[in-house]
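Asker: have a look at this prediction, sequence included:
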Amino acid sequence: MGESKSDILQGTLDLMVLKTLESMGSLHGYGIARRIEQVSGDTLSLNQGTIYPALLRLEQRRWIKSEWGVSESNRRAKFYSLSKTGRKQMEMETENWERIATTMARFLTPSVEG
Amino acid sequence: MRVRKSDLVQSLFSRCAALFRRERLNEDLDEELRAHIDFAIEDNLRSGLSEREARRAAMLAFGGVPQTKERYRVQRELPWIETLLQDVRYALRQLRKSPGFAVTAMLTLALGIGSVTAVFSVVSAVLLHPYDFRDPGQIVIWRESIREIQSVSPLLPDNYRHYLNLKNHAQSIQDAAIMQSPVFSISTGTDHPEMTEGLAVSPNFFSVLGVNPLLGRTFLPEEAQRGKDKEVMLTWGAWQRLYHGNSSVLGMTLRVGDEAQTIIGVLPKSFRFPVISMMPGGATYGSTERYEIFKPLVPLQAELTANDAEFNYLVVARLKPGVSVQQAESELDGIEKATAAADHLAIHLGVTVQPFAQEITGNVRKPLWLLLAAVLGVLLMACVNLANLQIARGVAHDPETALRSALGAGRARLLQAVLIENLLLGLAGGLGGVAFAVIAEKLLLMTAASLPRLNEVHVSTPMLLFALALSILTSLGFGLLPALRSLRVLPRNALQSRSTRLSGNKQAIRSRKILVAVEVACSVTLLIVTALITRSFSHLLTQDRQFNAQHIALARTDLSEPRYVTKETSLVNLGTDPGSLVRGAMIDRTLDRLRTLPGVQSVALTNVIPLTGEMSTISLVRPDHPVPAGQEPVANRRFISPGYFAAMEIPLLSGRDFIQQDRGNRRALILSDKTAKAVFPGENPLGRTIQHWGHIYTVIGITADARINDLKRNAPVFYLPYWDFPPENPVFLVRSAQDMETLGPAMRQAIWSIDPDISIPTVISLATQLNDSVATERFQTAILSSFGGAALLLALLGIYGVLAYSVSLRTQEFGIRIALGSSRATLARLVLKDASSSVLGGIALGLLGAAAATRWVDSILYETSRLDPWAIGLSLTLLLLAALLASLIPLRKATSVNPISVLRAD
């Protein structure tokens, strides 16, 4: 796998994590992984483990925060939540993605005139 | 994702922090992942899977747990630091295994880096570091020229009226200050007066330089008027010396030249102003930073009006930003010429502008760069030697390197390992080097007091950074070649038997031979340059100087105070004015008193301390043979007493010395041989006449050309008796067998017994004065010789190393040769042949280098040809001797090989 390709995937995963945390609030790793799987349906087959280096990366950049807490099933787990800079970053990236997506969509949708 | 720089810095911080909490973070990660799996199992159980299947599915969805942990750790920490630390540990282990090498390498580097750092810090303080003025690059000195006398003196000091004109009209300069350096006799009122030097400056002097006083203020414009100039400023040094840094010094009174003056300011510690010779390129003698007091400059009435005479000053100016020296010069020169034309002057004036830094360091620039080049050459040789050692060690490690490479170590990683070992050596050497540099600098300072600004040399951050950069560079320098060589070793070859490895060794020996050739070349070049400089210096010391400096004591006194000087003298009564008569009487009585000192052989007087350069250079006019103005021969005028030539042991070639009976009866002068030949070419000068001060003087004697002004120059001199114009700073000479410790104080007491209020600034033996006058040359010779010696030693070690190694590799071959009947002589020839290629090649290369280097040093050689056969011959002989010495032990080893034991060994 080329480096540029993995970079894109990495970035994508990061954005998915940020978006998930925005809509779900504080969540543990397993929850985030499940949520991403559910939302993307069958189109993305994710090794759940890959979520952890991504979480660490986002935390190192201070885009998310983590703290130990207790789940509904009374299990000790690390909970992640979005930080202020993380929210800003996410909004910026979302806009960016949408622009790319619309542009790509225009290219890929055959025009009516043919 | 767009990542900002601040985010990356944040990451780096947390990664570094993670290095120190590794255990704790690992536990956290374990717990987090365990929780993840448990959550997954719970979910799976809820959807109806059996416990086993639930666990299996959870693990499957997660992917590999160890892989995740590994990737997590890479993200969490700085993995390259880890390999780096590994390599550092490996290198330390390697060095511990060969302590001999490690110590040699570190010592060599410490000496090399230390010497370069010390010399560099001198160079940087003297040449590269500007004076502590605001924007020192904008400061310039300007001088004037008169085309009619260009052949005699190409440049002149400045005329006050021209200065005002240029300052007021030039657009290229911001401002210009004018100055003069009188010698003051000062007294704080507690002891005998003492003498110091200072500058009389226009009030804007400090604003032109951009210097603010530490205490008090600088001069006001109105203080440049006669009668209002009763203020002085002190340098920081004078403030410490005279007032012990007393902070209430402002307003105190200092007697300067017998007049009370008020101290209005103290200059900051960093402020220094060098002694600048009035004549360009003129040597300045003694310490060049001796100015202690500053006074307002009050021009004389005559100087304000004179348009074609009275060139008595020096101008220092600040250029406007962005104006080049050339632009300023062409503007100033244009204004000067236009004004001279408008004033209908009979002479053709011009202006030359010189950057301040150039003016100050012009004389020492080349010698210092030469020292730096030489010491860099020595460092290069040290690097070459270490590279040689490293190659030898690399060959020994080839099997290990090959094994590591076969086991999958990447080239980059192998290279990194070798370079790190070198870097460690380099840094250790650098550390020792800094310590050495501090000591070396102290030594340099002691031997080179005559260099300008040397008091500013000290251990500094730039110096430490320089040493660090040098350590890294040298470790790369000696490490890269051996490292690259070891990479070329094929694992297959290295792991095979000993005999096939020999080919790799041969290649190593070839690179080592090239290195030795480079080393020999360096040392040949350095030796030749050193030999030439040494020859030049010994010429300077051993040439026939036509005077005897041994057992002579000098005492310079100051008779420039008002009671000894007539305010307005004219040529008409010169010598018979009241001041002259008082000085003459004082001198007569002092000479008589000095004659009564015990052990005195002869006593005499002159007006200038010998070996302080040419001054009072005067045109000699023959009334019977007028030549166009500006083309008369010139000579240094010296006032002397009868007996001066006897005391100095200057031979009188013909005619006679002055005698007391001449006094008041006849105007007589004595010429040095060179002067006589220049004024009266092809004629007998005795009895002929010369016009001076409006009088006709008769030549009564001719002396040998004594180098009393400058050992390097045979300057023309003419002598007048002191009674014609008793000097204001008479120098009394006493030839005595007594040593200076008793003679010096005795001379002071004798002079003070005539007048206790005279200052005696200098009491020194002529031998010391002579030594001081060649201090720069001595410094240069001493330092270069030590570098030359180091180079020779390094070359010797280099040659020895290569030979010893190649002999040890060829033991088997030699054994076979002996067994087959070779004589020991044949073997010896084989070994020497081995050495000769690199030595001879190196010598050829070195001669080429010397050809280039000596062209560059030619101008600082004194009466020594750069092709001096002695210097070149001696250098080559020394090198060949060193090479021979280096081959002796390997030679012995080779010829004493025991064939039986060798053949059995393998």
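Answerer: Received, thanks.

Asker: contact residues of chain A facing chain B?
Answerer: Residues of chain A lying close to chain B by C-beta under 8 Å from any C-beta of the partner chain are A:10-11, A:14-15, A:28-31, A:33-34, A:47-50, A:52-53, A:56-57, A:59-63, A:71, A:73, A:75-78, A:89, A:92-93, A:96. All C-beta spots, glycine's among them, are computed from the backbone N, C-alpha and C.

Asker: filter those residues to the buried ones?
Answerer: Burial by neighbour count, judged by 16 or more other C-beta atoms under 10 Å in any protein chain shown, picks out A:11, A:14-15, A:28-31, A:33-34, A:48-50, A:52-53, A:56-57, A:59-63, A:71, A:77-78, A:89, A:93 from the residues of chain A next to chain B.

Asker: residues contacting the spatially most central residue of chain B?
Answerer: Central residue of chain B (C-alpha atoms, centre = their mean): residue B:368, 4.0 Å from the mean position. Counting by C-beta atoms under 8 Å, 6 or more residues apart in numbering or on different chains, residue B:368 makes contact with B:122, B:123, B:126, B:127, B:451.

Asker: rerun that using 6 Å as the cut-off
Answerer: The neighbours of residue B:368, taking C-beta atoms under 6 Å, 6 or more residues apart in numbering or on different chains as the test, are B:123, B:127.

Asker: give me the element it is part of.
Answerer: Assigning secondary structure by DSSP states H and E places residue B:368 in helix B:365-406.

Asker: where do the helices sit along the stretch 1-150 of chain B?
Answerer: Counting by DSSP state H, counting those that start in this stretch, one finds helices in the stretch 1-150 of chain B at the ranges B:5-19, B:22-46, B:51-62, B:65-76, B:79-97, B:99-123.

Asker: what packs against the last one?
Answerer: If I follow you right, that is helix B:99-123. helix B:365-406, helix B:411-447, helix B:461-487 (3 or more C-beta pairs under 6 Å, 6 or more residues apart in numbering or on different chains; DSSP states H and E).

Asker: run the angle between the longest one and helix B:79-97 for me.
Answerer: Just to be clear, that refers to helix B:365-406. Helix B:365-406 and helix B:79-97 meet at an angle of 100 degrees, taking axes from the mean of the first three to the mean of the last three C-alpha atoms, to 10 degrees as the criterion.

Asker: would you mind measuring from the residue nearest to residue B:39 when sequence neighbours are not counted to residue B:142?
Answerer: Beyond its immediate neighbours in the sequence, the residue positioned closest to residue B:39 (C-beta to C-beta, 6 or more residues apart in numbering or on different chains) is residue A:30, lying 4.0 Å away. Using C-beta to C-beta, to the nearest Å, residue A:30 is found at 84 Å from residue B:142.

Asker: so which strand or helix has residue B:255?
Answerer: Under the criterion of DSSP H and E, residue B:255 resides in strand B:253-256.

Asker: just the buried positions in that strand, please.
Answerer: B:254, B:255, B:256.

Asker: same for it, what does it pack against?
Answerer: strand B:183-187, strand B:259-266.

Asker: thinking again about what came up before, please give the element, helix or strand, for the residue nearest to residue B:39.
Answerer: In this structure, residue A:30 sits in helix A:29-40 according to DSSP H and E.

Asker: just to revisit the earlier point, and the helix holding residue B:368, how far from the chain's centre?
Answerer: Taking C-alpha atoms, centre = their mean, to the nearest Å, the mean C-alpha location of helix B:365-406 is offset from the chain mean by 27 Å.
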